[in-house]
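[1] pasting the sequence and the predicted model now:
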Amino acid sequence: MITGFLSLLCLGLCLGFEDGHKNETFPKPSLNALPGSVVERGSNVTLRCRSRFQNVTFMLGKLQDHGYKKEQSSAGHYAEFFLTDLEPKNAGMYFCTYKTMGSHEWSEKSEYLKLMIIDNRPGASSKKTDSRIIFVTAFSCITIFLLFPSVFLIYRCSQHGSSHEESTKRPSHSEFSKQEASDSLKLERESFSTEDPQDETCADLKDKVPPEPASVPSEEPLGSCECATLDV
C-alpha cells in the first residue's frame, strides 16, 4: 500500500517537473562580432553567441533571409560562427538563439547585430566615378543628337520664309526698274532739245542769216563758216 502510494507520488512529481520545464522561458542570449561589426571586404569576422546554460545548441540567423540558418552544439556557454571572405551581400542584421538538450523550443532571439562591410579598394571609387561619367556622356550625346534635327528644321523654315518674301518683292523691283528706264529716256530727250547753238549745222546757220541789201557789194556773209571746221 505504502509502496504504491510512493510510486504515484514520484510519478506526479516527475510529470509536474516536465510540465514546468516545458513552460519555462529561456533568457535571450547575446551576440557579438570579433574583431568588430564594421569590417573590410574580403576579410573575416567571428560572430559569438553566448547563453547562461551549458550543453546547448546555438543557431545563427539573418533578418529578412529565412533560408540563412547555422546550428552549432557547444558544451560551454557560447558558440562561435566564422564568416570568411566577406562580400557586400554578407552585410545585414544577424541574431542568434539556443535550446537545451532536454527542450525542443528555442529561446528568445538575441539583440540584432548589424554587420557592415566597406570596400576600400582603389578601384571601387573609380568604378562609381566611371559609371557617372558614362551616364553623363550618354545623356550629352542623346541631347546633341536631338538638337541637330531641331536646328536643321528651324533653318529650313527660315529659308522657306525668306524665299517667299523675295518672290513677293521681285515684281515691284522690276516695275521700279522699268520706271527708272523711262525716266532716263525722258531726260535724254530733254537734253538733246536744249543743246548749245554751236552744235547746229551750216545749213541751219545760213537759214538764220538775214538777206543782204542790193546796194551793198557782195561780201562774205557774217554767218558764213567753214563746215569742215564745225563739229557735227
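    Thanks, I have it.
[2] I154: which element?
    Take DSSP states H and E as the rule and I154 turns out to sit in helix 122-193.
[3] and that helix, what's its mean pLDDT?
    The average pLDDT within helix 122-193 is 69.
[4] how about stretch 101-108: buried residues?
    S103, S107 (16 or more other Cβ atoms under 10 Å). For every residue, glycine as well, the C-beta is placed using N, CA and C.
[5] now do it: distance from first to last residue.
    Length of stretch 101-108, first residue to last, Cα to Cα, to the nearest Å: 16 Å.
[6] can you list contacts of that stretch?
    Stretch 101-108 is contacted by residues 21-22, 24-29, 51, 55-57, 59, 97-99 when judged by Cβ atoms under 8 Å, 6 or more residues apart in numbering.
[7] where's I117 relative to V45, distance?
    Distance of I117 to V45, computed by Cβ to Cβ, to the nearest Å: 9 Å.
[8] got any residues that touch both of the two?
    V39, L86.
[9] ok, Y98 - contacts?
    With Cβ under 8 Å, 6+ apart, Y98 has these contacts: F26, P29, C49, S51, F53, V56, T57, F58, M59, W106, S107.
[10] sorry, wrong one. I was asking about K114.
    K114 neighbours (Cβ under 8 Å, 6+ apart): S37, G92, M93, Y94.
[11] from these, which land in strands?
    G92, M93, Y94 (DSSP state E).
[12] over to T25. Which of the three states is it?
    Put simply, T25 is coil when judged by DSSP: H, G, I helix; E, B strand; the rest coil.
[13] model confidence for the closest residue to it other than its chain neighbours, exactly?
    Counting by Cβ to Cβ, 6 or more residues apart in numbering, T25 lies nearest to E108, which is 7.3 Å off, once chain neighbours are set aside. For E108, the model assigns a pLDDT of 93.
[14] ok, E108 to G67 distance?
    Applying Cβ to Cβ to E108 and G67 gives a distance of 21 Å.
[15] and E80, by the same measure?
    22 Å.
[16] of the two, which one has the most company?
    Per other Cβ atoms under 10 Å, whichever of E80 and G67 has more neighbours is E80, with 15 against 6.
[17] dump the residue contacts of the more buried one.
    Counted by Cβ under 8 Å, 6+ apart, E80 has contacts T46, L47, R48, C49, Q72.
[18] pretty sure the first one is touching A79, no?
    No - contact status for T46 versus A79: not in contact, 10.5 Å apart, counting by Cβ atoms under 8 Å.
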